[in-house]
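**Q** turn this into a structure:
(2 chains, ligands or ions: 2)
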Amino acid sequence: MGLFDYFHANRRSAEVAKERLSILIARDQIQRNQPSFLPQLQDELLEVIKKYVDIDQDDISITLDREDDCEILELNIALPEKPRQRQPS
Amino acid sequence: MTRIIVITSGKGGVGKTTTSAAFAMGLALEGYKTAVIDFDVGLRNLDLVMGCERRVVYDFVNVINKEARLNQALIRDKRTENLYILPASQTKDKEALTMEGVEAVLGELADTFDYIVCDSPAGIEHGAFMAMYFADEAIVVTNPEISSVRDSDRILGLLASKTKRAAENRSPIKEHLLLTRYSPDRVMKGEMLSVKDIQEILSIPLLGVIPESEAVLTASNQGVPVIANRNSDAGLAYQDCVARFLGEEIEMRFIDPKKKGLLSKFFGSN
Ligand SMILES: Nc1ncnc2c1ncn2[C@@H]1O[C@H](COP(=O)(O)OP(=O)(O)OP(=O)(O)O)[C@@H](O)[C@H]1O
Ligand SMILES: [Mg+2]
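**A** Ligands and ions are numbered 1, 2, ... in the order given. Predicted coordinates for the structure are as follows:
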């Protein structure tokens, strides 16, 4: 990095762009490879799990990965640290 | 064997038509019989960039609808031997490009042409899909700008899944990255994504970098593909790309800021 760079006010905007793009594209690619039933599967699973544990939409993620001939369905559920009491209203 | 090349991008206005015209003329100048087809139905522009707009009588859709024969619609370039243009129609009906129709025209061109260059419309709709469907190679035109890079990534996804080669499980379309409207000065100042950044993100082989250049507007004003201007940075950069495409190894030019004076030399070196 040249000395010049340190003096320039806009230096970081390209870095910011790169960072945003990397995240965006990683997410696009995951979505692109998903079969169309995944969102619905996710919703239905959420409904079932909710009967037993207090979680919401953000606590569950479901992805499908492909490795050679093998498809891996990955289900991630973040359980609350201790079973949540009813939220104070 | 005829090779079909699609010039595509997803995002609009990034330089597809400029690149199609330059590339087709470059291939013809190297002695390959080349046809360049405008797939941008309703918004035809390629004829303007090629400077043959007044010679358009029949177009791509006329040929598909059998209202004209292919050789009636093909326009021979006046300056370059081996170069032919098939203009798009001005019809509003985008579905006029049928899969069977496009395949038939490409098949007929393949009898006599070495290269068929397909200038894709922007977007990921029917026209763009038709332009890429039969391709053997794709030049993905990208600007150093966040939405253009993202759209290029989407197009790469479509090239790998929604094309004839994908449907038939043949070897995939050969992909090339072409960065255009690149400003080395702004990259150095950290205001623009660099060649390296974009290549890292898209991870396909880099065919070349075309600098942001006034020569491009001048060329389109005059109806002469910029590659014909051997005194311009963009013209030379396109020539390098064609040579690389044909297998030559040529170093990238115009990716570093122009050296100005002692001061910028001193401060600007990385
Ligand atoms: N390297 C360049 N330097 C400067 N201007 C450029 C460059 N490349 C393209 N342009 C300009 O950008 C504009 C869009 O170019 P062009 O028509 O080739 O893009 P396109 O991708 O075909 O657009 P569309 O998506 O509408 O078909 C034109 O005005 C053109 O002159
Ligand atoms: Mg265009």
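**Q** which residue packs closest to residue 46, ignoring adjacent ones?
**A** Here I'm looking at chain A. Counting by Cβ to Cβ, 6 or more residues apart in numbering or on different chains, A:Leu46 lies nearest to A:Ile60, which is 5.4 Å off, once chain neighbours are set aside. In this view, the C-beta of every residue, glycine as well, is placed from N, C-alpha and C.
**Q** wait, chain B
**A** B:Leu46's closest residue in space is B:Asp38 (Cβ to Cβ, 6+ apart), at 3.8 Å.
**Q** mind listing what the residue nearest to A:Leu46 touches?
**A** A:42, A:45-46, A:49, A:75-78 (Cβ atoms under 8 Å, 6 or more residues apart in numbering or on different chains).
**Q** would you map the strands across chain A?
**A** Taking DSSP state E as the test, the strands found in chain A are A:60-67, A:70-77.
**Q** out of the ones you listed, flag the one nearest B:Val56.
**A** strand A:60-67 (46.7 Å; Cβ to Cβ).
**Q** buried set for the closest one?
**A** For strand A:60-67, the neighbour count (16 or more other Cβ atoms under 10 Å in any protein chain shown) marks A:60, A:62 as buried.
**Q** now do it and strand A:70-77, the angle between them.
**A** Relative orientation of strand A:60-67 versus strand A:70-77 (axes from the mean of the first three to the mean of the last three Cα atoms, to 10 degrees): 160 degrees.
**Q** strand A:60-67: partners in the sheet, and parallel or antiparallel?
**A** Strand A:60-67 sits in its sheet next to strand A:70-77 (antiparallel), going by DSSP bridges.
**Q** can you list phi and psi of the residue nearest to B:Leu46 for me?
**A** Note on B:Asp38: its backbone torsions stand at phi -90, psi 110 [degrees, to the nearest 10].
**Q** now do it against ligand 1, distance only.
**A** Per Cβ to the nearest ligand atom, to the nearest Å, B:Asp38 is found 9 Å from ligand 1.
**Q** next: B:Lys196.
**A** Applying Cβ to the nearest ligand atom, the value for B:Lys196 to ligand 1 is 19 Å.
**Q** so what's the residue count around the closest residue to A:Arg12 other than its chain neighbours?
**A** Once flanking residues are discounted, A:Arg12 sits nearest to B:Gly190: 6.1 Å by Cβ to Cβ, 6+ apart. By other Cβ atoms under 10 Å in any protein chain shown, 20 other residues sit near B:Gly190.
**Q** so where does B:Glu67 fall, helix or strand?
**A** Using DSSP states H and E, B:Glu67 sits within no helix or strand.
**Q** return the residues in contact with the residue positioned nearest the centre of chain A.
**A** Centroid-nearest residue in chain A: A:Ser61, 6.8 Å away (criterion: Cα atoms, centre = their mean). Contacts for A:Ser61 (Cβ under 8 Å, 6+ apart) come out as A:42, A:75-76.
**Q** before we move on, what about A:Lys51?
**A** Counting by Cβ under 8 Å, 6+ apart, A:Lys51 has no contacts.
**Q** next, give phi and psi for residue 36.
**A** If you meant another chain, say so; for now it's chain A. Dihedral pair for A:Ser36: phi -70, psi -20, per degrees, to the nearest 10.
**Q** switch to chain B, that's the one I care about
**A** phi -120, psi 130.
**Q** show the pLDDT at it.
**A** Predicted confidence (pLDDT) for B:Val36: 98.
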